[in-house]
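Colleague: Okay, here's the prediction I keep looking at, along with the sequence it came from:
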Amino acid sequence: MTVDDYFSKTEQVIADFNIVVKQKSEKIKTDDNFGIFKGSLYFDNGRLDFIEVIRIISNFPLKIKCKYHYIADDNNMIFRYDNVKHHPDIATFPHHKHISG
């Protein structure tokens, strides 16, 4: 697998979901084994902003950094998932969820 393969497979998964009304995305490829996929998916009631920093190791995509941030149409955050290493006390460290409030 290359980072181009990861981009293509991820775009196909997104395309298969008919609840996505519109998509904006950007792919940045450093080399065959490293890239960044970021953008926004728009739904009827909000949008999901995302970023994935991908490194291909032994033919497997590893998410070095990721963030998925869902925002309602009124610009209020509903949730955010990320893997920033700032909550070492939780069982899923470094992966965790932020919620409004």
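Modeller: Nice, I can see it. Numbers count the residues shown, from 1 in each chain.
Colleague: When you work out contacts or count neighbours from here on, use the C-alpha atoms and nothing else.
Modeller: Fine.
Colleague: in this structure, which ranges drop under the pLDDT threshold?
Modeller: 101 (pLDDT under 70).
Colleague: Let me see the ranges of the helices in it.
Modeller: 3-15 (DSSP state H).
Colleague: All the strands of it, residue numbers only.
Modeller: 22-31, 34-43, 46-57, 60-72, 77-82, 96-99 (DSSP state E).
Colleague: Now distance to Ile14 and mean neighbour count too, for the ones you listed, in JSON lines please.
Modeller: Output for these, formatted as JSON lines (distance: least, C-alpha to C-alpha, whole Å; neighbours: other C-alpha atoms under 10 Å):
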{"stretch": "strand 22-31", "distance to Ile14": "9", "mean neighbour count": "13"}
{"stretch": "strand 34-43", "distance to Ile14": "9", "mean neighbour count": "19"}
{"stretch": "strand 46-57", "distance to Ile14": "12", "mean neighbour count": "19"}
{"stretch": "strand 60-72", "distance to Ile14": "14", "mean neighbour count": "17"}
{"stretch": "strand 77-82", "distance to Ile14": "18", "mean neighbour count": "17"}
{"stretch": "strand 96-99", "distance to Ile14": "21", "mean neighbour count": "14"}
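Colleague: any chance of these in JSON lines, plus distance to Thr2?
Modeller: What follows is the strands of the chain, written out as JSON lines (distance: least, C-alpha to C-alpha, whole Å):
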{"stretch": "strand 22-31", "distance to Thr2": "9"}
{"stretch": "strand 34-43", "distance to Thr2": "8"}
{"stretch": "strand 46-57", "distance to Thr2": "7"}
{"stretch": "strand 60-72", "distance to Thr2": "8"}
{"stretch": "strand 77-82", "distance to Thr2": "23"}
{"stretch": "strand 96-99", "distance to Thr2": "27"}
